[in-house]
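Undergrad: Provided below are the primary sequence and the corresponding predicted coordinates.
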Amino acid sequence: MATLEIHDLHVSVETENGPREILRGVDLTVKQGETHAIMGPNGSGKSTLAYSLAGHPKYTVTSGTVTLDGEDVLAMTVDERARAGVFLAMQYPVEVPGVSVSNFLRTSATAIRGEAPKLRTWVKEVKGAMERLSIDPAFAERNVNEGFSGGEKKRHEILQLELLKPRIAILDETDSGLDVDALRVVSEGVNRVAESGEVGTLLITHYTRILRYIKPDHVHVFANGRIAESGGPELADKLENEGYEAYVKGGATA
């Protein structure tokens, strides 16, 4: 069973006035088959956690450890983390001009699996996943995210999630900018992957609305660069009623 373990993680970012600490000692364990919701206000450090786990060069880990099945994630390059099974669905997916969705997906799958998927099987696999996510088949020949709406970009992120089958999926505000219909479709995609029991999911959000569709096993409140409280799904209901004010009196971090 894949296990991502984060222990006393401290992360800083360079500013005009020198390094600024954003994460201030994060401890979290995500096991395969579990869904964890990280909730907190804007500026609490949630996205910093996501990008630090993925290896974004903007963020500097100053202390702490991150391991996946005992392997040092922080010692891995970005592509090594992906091949090890760490997946990041970005809050703002980027456009990749000149690269079609079909080529992008097959190249990614080849890198993850160590060999190119058999074409006939792969075409069927992609077609089925696109149908489940209500993605027009014509999108396969369009350039990655180029001219896509916000909802189309997010569906494409979940399409990657379904096809690449990571061990740990980090979803950074996947619900951001989605209308009700797109939110439902995207959530159903996340649930399909989670129900396989083969993926540990770290769902980052500051809204409770996505949790009407995706039921987490654990909810963590993120404030001032660390986890302020952890609990079950009932904690999300508490946040819906009371907000984050009690957790952020010390001020936001970034």
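TA: Perfect, I can see it now.
Undergrad: check contacts around Leu211.
TA: Applying C-beta atoms under 8 Å, 6 or more residues apart in numbering, one finds that Leu211 lies in contact with Ala37, Thr205, Val219, Pro233, Ala236. Using the backbone N, CA and C atoms, a C-beta is placed for each residue, glycine as well.
Undergrad: can we see that at 10 Å?
TA: 35, 37, 39, 175, 187, 203, 205, 219, 233, 236-237, 239-240 (C-beta atoms under 10 Å, 6 or more residues apart in numbering).
Undergrad: doesn't it fall inside a helix?
TA: Yes - per DSSP: H, G, I helix; E, B strand; the rest coil, Leu211 lies within a helix segment.
Undergrad: picking up where we left off before, now a ChimeraX select for only the buried ones of the contacts of Leu211.
TA: With 16 or more other C-beta atoms under 10 Å as the criterion, this ChimeraX line picks the buried residues out of the contacts of Leu211:
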select :35,37,39,175,187,203,205,219,236,239
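Undergrad: which ones among the contacts of Leu211 are found in strands?
TA: Those of the contacts of Leu211 mapping onto strands are Thr35, Ala37, Met39, Leu203, Thr205, Val219, per DSSP state E.
Undergrad: of the contacts of Leu211, closest to Ala89?
TA: Set against Ala89, the nearest of these by C-beta to C-beta is Leu203 (9.6 Å).
Undergrad: poorly predicted segments of the stretch 101-250 of the chain, please.
TA: 250 (pLDDT under 70).
Undergrad: how about the strands in it?
TA: Assignment of strands within the stretch 101-250 of the chain using DSSP state E, counting those that start in this stretch yields the ranges 143-144, 168-172, 200-205, 218-223, 226-231.
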